[in-house]
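1. When you get a sec, could you give me coordinates for this:
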Amino acid sequence: MNAKPNAVSLRLPTTMMLVGQILYIVVTQFHADGPANDHPVVFAEYAGNAIWTAVHLAQFVSMAVLVGGLFALYFALDDQTSMARWTSRLGAASSIVALALYGALQAVDGVANKQADVVWVSATGAEKAARFASAEAIRWIEWGMRSYHDISLGLALVLFAAAFLSAPVPRPIAYLMGLSGLTYLVQGWVVGAEGFSQAESILIVSAWVISLAWMIWMLLVSRRMRDSAVLYER
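-> The predicted structure follows:
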């Protein structure tokens, strides 16, 4: 028989993931908006945005909390079956890769992208075309970093979802977790192929909604597990 995940060890990572996800969604609402694939228009908007660096730093902190909670799921599943332990270990490893890639992504987007756009806007004459080419090159690097981050995060979620199939929690939680992972995997492919398109925006919102659903559900399950444990001790 599989051992039951400890309520405390499950509740802490789930709380971290939920808080990180909510903070990320809220902070992203302050991100400069515009036609992301229309580079002349959007680069000018980015250059004039006064809170660009602060927003990207806050996004990184939010993602660090979210992925830190995902990594901590490994400890909640450590006493499961051998297969679940291995899939959770691989999921934990993939989550570390995802956070490292996200840090690099925000260095490119939150710092390099902003500086290149500012210089392009202020350039004149023949220099302006060269500066624009540099800004576009940085933008395409951002596409690549975002693509591989999404793929790594999606893989981590799919692996943890597989591990949770053998845990005594409602199976739909694992299915929703896996679905959110698949959404990130597709998102990674789309952003790598066509940048920040409308399809990619739809996938971002879909991943948020699905992730919030299973995170809230898992948190409620962990609270019930804690309450049951308290009653049993009494």
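2. Quick one: the helices in this protein, in order.
-> Using DSSP state H, the helices of the chain run over 7-28, 39-47, 52-76, 82-107, 114-122, 126-164, 171-194, 198-233.
3. between those, which gets the lowest average pLDDT?
-> Lowest mean pLDDT within the helices of the chain: helix 198-233, a mean of 82.
4. now that one and helix 7-28, what's the angle there?
-> Counting by axes from the mean of the first three to the mean of the last three CA atoms, to 10 degrees, helix 198-233 lies at 150 degrees to helix 7-28.
5. one step back: export the helices of the chain as JSON lines, with columns for mean neighbour count.
-> Heads up, the C-betas are built off the backbone N, CA and C, glycines and all. Below are the helices of the chain laid out as JSON lines (neighbours: other CB atoms under 10 Å):
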{"stretch": "helix 7-28", "mean neighbour count": "19"}
{"stretch": "helix 39-47", "mean neighbour count": "17"}
{"stretch": "helix 52-76", "mean neighbour count": "20"}
{"stretch": "helix 82-107", "mean neighbour count": "19"}
{"stretch": "helix 114-122", "mean neighbour count": "19"}
{"stretch": "helix 126-164", "mean neighbour count": "20"}
{"stretch": "helix 171-194", "mean neighbour count": "20"}
{"stretch": "helix 198-233", "mean neighbour count": "16"}
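6. ok, the spatially closest residue to Ser222 that is not a sequence neighbour to Arg224 distance?
-> Take Ser222 and drop its neighbours on the chain: the residue closest to it by CB to CB, 6 or more residues apart in numbering is Arg11, 3.9 Å away. From Arg11 across to Arg224, the span is 10 Å (CB to CB, to the nearest Å).
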